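1. sequence first, predicted model second:
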Amino acid sequence: MRRGELWWAEIDGKRPVVVLSDEARSEVHVMQIVAPATSAEKRGFLIMSGDQAVDADNRRRMVAEAGQVQAIGIEVWFGSSEGLAEEGVVRVALPQNATVFCTWGTRLGEELLVERIGACSPEKLRELDAAIQLAGP
């Protein structure tokens, strides 16, 4: 298992995850890939794409233009180019008082990763790294 690979994991059923760990261990740090937020779920929130969030000037401009929002999040999109049949996202929240419905990160035993799906491009991994870094610890 390598950082940036997508796997099917047995987490309350078969779920896609992206590996965040740098190397294989007994436990692997992953984030679940979930359905993108709907228009109704986005109401009152600023949800930017990973591509939009990578550029600091663009990120600041979007936040300034959004005005009053409950919270700010980033969705990094995954789809057929990474091996998924249906599009999904890893969603993180930027630190502030309000909350955004987020994807959870967890550690799984290698035995729970059952089938490799594909891997992120270097650009997609850069988006994911930026989103995770902006979300903080």
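-> Done, it's in. Numbering: from 1, shown residues only.
2. what about V30, neighbour count?
-> V30: 27 surrounding residues under other CB atoms under 10 Å. Every C-beta, even on glycine, is put in place using the N, C-alpha and C of the backbone.
3. contact partners for it?
-> Contacts of V30 were listed using CB atoms under 8 Å, 6 or more residues apart in numbering, and they are 7, 9, 17-21, 105-108, 113.
4. out of these, which end up buried?
-> By neighbour count, with 16 or more other CB atoms under 10 Å, the contacts of V30 hold 7, 9, 17-21, 105, 108, 113 as buried.
5. let's have these in CSV, adding distance to A37, secondary structure and pLDDT.
-> Output for the buried ones among the contacts of V30, formatted as CSV (distance: CB to CB, whole Å; DSSP: H, G, I helix; E, B strand; the rest coil; pLDDT from 0 to 100):
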residue, distance to A37, secondary structure, pLDDT
W7, 23, strand, 96
A9, 22, strand, 96
V17, 19, strand, 96
V18, 18, strand, 96
V19, 23, strand, 95
L20, 21, coil, 92
S21, 26, coil, 87
G105, 18, strand, 80
L108, 24, strand, 91
L113, 26, strand, 93
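6. which one of these sits closest to V92?
-> When the buried ones among the contacts of V30 are compared for distance to V92 (CB to CB), G105 comes out closest, at 8.8 Å.
7. what residues does the closest one make contact with?
-> By CB under 8 Å, 6+ apart, the residues touching G105 are 20, 29-31.
8. that one pairs with what?
-> The partner list for G105 in beta bridges (DSSP bridges) reads M31.
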